[in-house]
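1. Sequence first, predicted model second:
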Amino acid sequence: MELIKAPLLAEQLCFDLYAASRAVTAAYRPVLTELGLTYPQYLVLIVLWEHQSRTVRELASHLRLDHGTLTPLLKRMEALSLVERRRDNADERYVVVSLATKGESLREHAERIHCDMKDRLGLGEREFDELQSTLRLLTSRVTH
């Protein structure tokens, strides 16, 4: 019986993406822990700093998360006074999420965190832009 040769781990793009994602997320951990945030909570705050409020459906779309993952995350964030959730006045089927005072106060750290992480990656502006473009293209091709 002949064995079928399986591709090596070193040949797997999926593994490189997975390892890079874990490494970058881990690089955020010390500064976010200092602020009392997890990485997913930080991503929610970034969206809300940009948009002030969003429905759960809109947040899920921005963050590419399903409702089953996002809802418990938002409940924990609400318990920590980072966000507020309320039913939409126009359509009670929707829940609107907005920044609470504590969540808004963390905005002042966003620019420093962003710059520190860009520096930590050790990429020039052009390399950074090219990598981000490539990742977005890959995501688009795989999800559409």
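-> That came through, no problem. Being a predicted model, the structure only gives us computed values, none of them experimental.
2. what comes up buried for the longest helix along the chain?
-> Taking DSSP state H as the criterion, the chain has its longest helix at helix 13-35. Within helix 13-35, the residues that qualify as buried are 28, 32, counting by 16 or more other C-beta atoms under 10 Å. From N, CA and C alone the C-beta is placed, and that goes for glycine too.
3. which residues sit against it?
-> Outside helix 13-35, the residues within contact range by C-beta atoms under 8 Å, 6 or more residues apart in numbering are 9, 38, 39, 41, 42, 106, 109, 113, 116, 117, 120, 121.
4. What of stretch 69-82?
-> Here stretch 69-82 makes contact (C-beta under 8 Å, 6+ apart) with 36-37, 40-41, 44-45, 56, 59-60, 63, 65, 83-85, 97, 99-103, 106.
5. Just the ones in helices from these, please.
-> Mapping the contacts of stretch 69-82 onto helices (DSSP H) picks out 40, 41, 44, 45, 56, 59, 60, 63, 101, 102, 103.
6. Can you turn the buried part of the residues you listed into a ChimeraX selection?
-> Buried residues among these (16+ other C-beta under 10 Å), as a ChimeraX selection:
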select :40,41,44,45,56,59,60,63,103
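7. And the ones in helices among the contacts of stretch 69-82, which is closest to residue 93?
-> For the ones in helices among the contacts of stretch 69-82, the residue nearest residue 93 by C-beta to C-beta is residue 56; the value is 10.5 Å.
8. quick one, phi/psi of the residue found closest to the closest one once you drop the neighbours it is linked to in the chain?
-> The shortest distance from residue 56 to any non-neighbouring residue, by C-beta to C-beta, 6 or more residues apart in numbering, is to residue 95 (4.8 Å). With angles defined as degrees, to the nearest 10, residue 95 sits at phi -110, psi 130.
9. Surely residue 95 is in contact with residue 86?
-> Yes. With contact defined as C-beta atoms under 8 Å, residue 95 reaches residue 86; the gap is 7.1 Å.
10. who touches the most centrally placed residue in the chain in this structure?
-> Closest residue to the average C-alpha location of the chain: residue 43 at 3.9 Å, with C-alpha atoms, centre = their mean. Shown in contact with residue 43 (C-beta under 8 Å, 6+ apart): residue 63.
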